[in-house]
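[1] Return atomic coordinates for the entry below.
(chains A, B and C)
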Amino acid sequence: MQPVATTFFFYLLSGAAILGGVLVITRKNPVHSALALIMTLLAQAGLYLMLYAPFVAGVQIILYAGGIMVLFLFVIMLVNIEKVQKQEQFNKQWLVGIVAAAALGVLFVLVYMKGESLFPKHVVRLAEESNTQEIAVLLYGQYMFAFEIASLLLLVAIIGAVVMAKKRI
Amino acid sequence: MTDATKYLSHLELGEPDQTFLDSNELIINMGPQHPATHGVLRVILKLDGEKVLGTECVIGYLHRGVEKIAEHRTYTMFNPYVDRMDYVAAVSNGLGYCEAVEKLMNVEAPPRANYIRVILTELNRLASHMLWLGTHALDIGAMTPLFYTFRDREEILKIFEKYCGARLTTHAFRIGGCQYETYEGFERDVKNFLAFVPPKIDEYEELLTTNRIWLERTRGVGVISGKDCIALGVTGPVLRASGVKWDLRKAKPYAAYSDFDFEVPTGQNGDTYDRYLVRMREMRQSLRIIEQAVGKIPEGPIMAKIPKVLKPPVGEIYHSIEAPKGELGYFVVSDGSTQPYRVRVRPPSFVNLQALDVMVRGALIADVIAVIGTLDIVLGEVDR
Amino acid sequence: MLDYIQGYLSSNVTPGQAGNVFWATVYILIVFGAISVAVMAMNWLERKALAHFQIRLGPMRVGPHGLLQPIADAIKLLTKEDIIPSGADKFVFWIAPLIILCAAFTVYIVVPFGPTHAITDLNIGILFMLGVASLSVLGVVMAGWASNSHYPLIGALRSSAQMVSYEVAMGMAVVSAILMTSLHGLGMYGVAANSTGTGTLSMIDIVKAQQEQHVWFFFKFFPLGLVAFGIFAIAMVAETNRAPFDLPEAESELTAGFHTEYSGLRWSLFMLGEYAAMIAVSSIAVTLWLGGWMRPFPHTLGGETWDLVFSLFPGLTFIGLAAIAFIGVVRMPKHPYFKIQTAGLAGFGVALGLIGLILFVPPVRDRIQDIYWFAAKVAVFMYLYIWYRATWPRYRFDQLMKVGWKVLLPIAIGVLILTAIMGVLL
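    Residues are numbered from 1 along each chain as shown, chains lettered A, B, ... in the order given. Have a look, this model is predicted:
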């Protein structure tokens, strides 16, 4: 399939993602922040689609937007919003903030200047038609061990959550 | 002190926890405008998530001062008012009041009147149980039985209408007997009804009795022991479902009940499912009573000889009958005048409603609905 | 222009795959319109069928046999006062129904109404459907929270917990169906006995796999396909919050659940989203287990004669509906008062009959067949939804969770493992 209006959609989605990101930290109401975060995640899923990675996009929607954010909202909904809104929104950590921003800025500048030599020049093979299958081959072949380790980590997390929640029952 | 906290004094909301998540306890106000509280019952629930920590019933939204009205009406004039208490079982209410005044005056209704009274009262019991079944099932989420029971209840109301001209608040009986002779074809209508209803009851049972979801929703829900029932004064099917075989029709027969052969169904577990079964079996027993009665209505007068102006002798009387919902008692005090000095009603719904808190503590919100349904309360009777 | 249309008609890929923006847009509009009409029809059918289950007549006043009732309802809802409760979070309150609606309609992008009748064919089709469908939970949660009231909040909590937990069992059942796209199993199903084949997540390829294997996945590895389908069929009812799992909207407990505070247009968006979601999950079930657009017995009753016979079905169905309408005309009361109604019903019957006749024309017949069979299979599910609602009481919340986690999930995992074993070992 030939992509249509790629530039337009790229800037649309990137703009949405950035706007969402800014809103996440500037909104006082945590529910609004969470919604902005969802917007960012969905825009990201769109960007993945444009990068011919439909599987990653699908997983992004299911796991982040559909699963994790629902749990986020679930918790936030039960929080006393009025109390939260009275709390201070930003920590006044100017020094650390400036250092982090500067580091990020330097990184951006470097990427911009040396970008051509940093990334492979040849056109990336578009594996749209068999994208899912290739991810499966990689996950269950080359990166089998890492994959299993990650699943073990998740299992530990589940057990930990159950044990911690058990106290209250 | 706000309204809610006043009522909730005994529920004692714990100190809201000062951490980020102070969501532990939630007060929810169910009613008085709520689709499943059967009228204008207001239940304040203290919840932990979905779990009920305590309840408080707020009643009185339908209070009309029926007992006070009685003090300003003659004995005869007060008779229609009692129909407005438990309006789905108006005939039973009338029977209780008429018999109480008859007892006070030392008259007995003639046998023919007693038979008519039994037939109509049992028909009314069926109508009341049908309405209960429909609304109870609707509360638990089964829509369809409601329409089936209303279709069949309609047949009963038709008989009432033909007999006394009214469908709901019938005022069917008079002190001393019955006002009306049975109409032409009364026995035929009742017999037709007797043939018509058993398959319909089978139909309800088919929809619910072995339905897995129904079983899950009703078994072990709202359990109350026989001992607790007696301690709280709970009567009727709720008491019998807890294993106590107490039915005033057997224990202290009134009207012509001693002439008939019927069983008093009881349950063992005292849960919602047992109450359902008890009422279903009661419906079949009622049919049995009607069947025996309609075949042999004795000939004779329908009114005892009573004076035109009723002046019962000075004294007091407590008379109770087995209404569809439980023991319906009338305590009538006479000072010898034409008007009662005091009438006090012991309504089964009011007393049974006390059991709500015992039955739902530790249960879930959905169980509260099921239990309100299974208690079979009528707010007109609770508030009077 | 004509060449263009001709060129399209003879193409054998979906407009999305062909990268044809014009046709993709046309398809999107058609699908959007058709789903909206289907929702309205479903609304009328549900009220009618439910009424007949319950010895009532249902809508009878607006139009003959209440046929115009959905339109009347729509007008009523659109003109109704739109109330936003005080203390509600206006923005979130406003956007929640839109999220549900968008989630419900977006999934139709990949629904294969036919081998070429889909907006597009994504490589991750089924994953996309499940993912986007799960986004409607967000709308529910937001609606419940933004209403600033206890009942919607509890309704939203219940609903989100319910949807999230049933998605797990649903996903497991779906995975076992996806496994079947590649597994041969004794070489019984057309795939060569020693090839493992390549599985697929694409909705169109899943149906094509069933076509190649000469079996609906419903029957494959009997009874594994059947059990997986059963799990999905239960989970999808829970997922769409319909009876007997309609706790979020349990009217006897929580009045109307998460949309208690909504009215007018916004409320109707919730309803539109709910019904669209019902059709969407039903089409997943049809695609995965019931052979999608395939007609019944495409192989055992193969050959040109049978093809012809089955291709007459769409036309016959509409002629049959027209006949029912005409029976209605005959049975209308002969009274001047009913003149317009009778004429309207007759006109409706004529319209149905004409559609039926058009569907007999060979080129149309061939194009429309797959859509017809797909819609017919989905319609069966829609009827089941109504049937469930009329028959069963409602589960309690903890029981619902128990069913989801302790019954459906273990069975689904068992089926998944057995399917894999069947496929690999045999």
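
[2] drop to CA atoms for contacts and neighbour counts, all remaining ones
    Noted.

[3] can you tell me which residue is nearest the centre of the chain?
    Let's take chain A. Closest to where the C-alpha atoms of chain A average out (C-alpha atoms, centre = their mean) is A:Leu41, at 5.6 Å.

[4] meant chain C actually
    The structure's chain C has its C-alpha centroid closest to C:Ile279; by C-alpha atoms, centre = their mean the separation is 1.6 Å.

[5] Isn't it up against C:Val378?
    Yes. Between C:Ile279 and C:Val378 there is a contact under C-alpha atoms under 8 Å: 6.9 Å.

[6] What sits closest to the residue of the stretch 101-250 of chain C found nearest chain A if chain neighbours are left out?
    In the stretch 101-250 of chain C, no residue comes nearer to chain A than C:Gly131, which is 4.3 Å away by C-alpha to the nearest C-alpha. The spatially closest residue to C:Gly131, leaving aside those adjacent along the chain, is A:Ile62, at 4.3 Å (C-alpha to C-alpha, 6 or more residues apart in numbering or on different chains).

[7] Could you do C:Val364 as well?
    Residue nearest to C:Val364 in three dimensions, not counting chain neighbours: C:Ile358, with 7.3 Å by C-alpha to C-alpha, 6+ apart.

[8] What pLDDT is listed against that neighbour?
    The predicted structure scores C:Ile358 at 87 on the pLDDT scale.

[9] ok, it to chain A distance?
    With distances taken as C-alpha to the nearest C-alpha, to the nearest Å, C:Ile358 is found 34 Å from chain A.

[10] what separates that residue from A:Ile158, distance-wise?
    As for C:Ile358, its distance to A:Ile158 is 59 Å (criterion: C-alpha to C-alpha, to the nearest Å).

[11] Compare those two (neighbour count), which wins?
    Under the criterion of other C-alpha atoms under 10 Å in any protein chain shown, the comparison of C:Ile358 against A:Ile158 puts C:Ile358 first, with 16 against 12.

[12] Surely that one and C:Gly315 touch.
    Yes. When contacts are counted by C-alpha under 8 Å, C:Ile358 is listed as touching C:Gly315 (7.5 Å).

[13] neighbours of the residue nearest to C:Phe338 when sequence neighbours are not counted, just the number please.
    Using C-alpha to C-alpha, 6+ apart and skipping residues adjacent in sequence, the residue nearest C:Phe338 is C:Met332, 7.5 Å away. The burial metric for C:Met332, expressed as a neighbour count using other C-alpha under 10 Å, is 16.

[14] Can you give me the buried ones in the longest helix seen in chain C?
    Counting residues, the longest helix found in chain C (DSSP state H) is helix C:21-53. Along helix C:21-53, these residues count as buried under the neighbour rule (16 or more other C-alpha atoms under 10 Å in any protein chain shown): C:23-24, C:27-28, C:31-32, C:35-36, C:38-51, C:53.

[15] on contacts alone, who are the packing partners of the helix or strand that comes right after that helix?
    Taking DSSP states H and E as the definition, the helix or strand that follows helix C:21-53 towards the C-terminus is helix C:69-79. The elements that helix C:69-79 packs onto, with contact taken as 3 or more C-alpha pairs under 8 Å, 6 or more residues apart in numbering or on different chains; DSSP states H and E, are helix C:21-53, helix C:264-289.

[16] and of those helices, who's closest to C:Phe348?
    Closest approach to C:Phe348 among these (C-alpha to C-alpha): helix C:21-53, 13.8 Å.

[17] Against which helices or strands is that closest one packed?
    For helix C:21-53, the contact count by 3+ C-alpha pairs under 8 Å, 6+ apart identifies helix C:15-18, helix C:69-79, helix C:264-289, helix C:362-391 as packing neighbours.

[18] Now mean pLDDT and distance to C:Ser159 too, for the ones you listed, in CSV please.
    Compiled in CSV, the helices and strands packed on helix C:21-53 are given as follows (pLDDT from 0 to 100; distance: least, C-alpha to C-alpha, whole Å):
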stretch, mean pLDDT, distance to C:Ser159
helix C:15-18, 69, 34
helix C:69-79, 88, 24
helix C:264-289, 88, 13
helix C:362-391, 86, 18
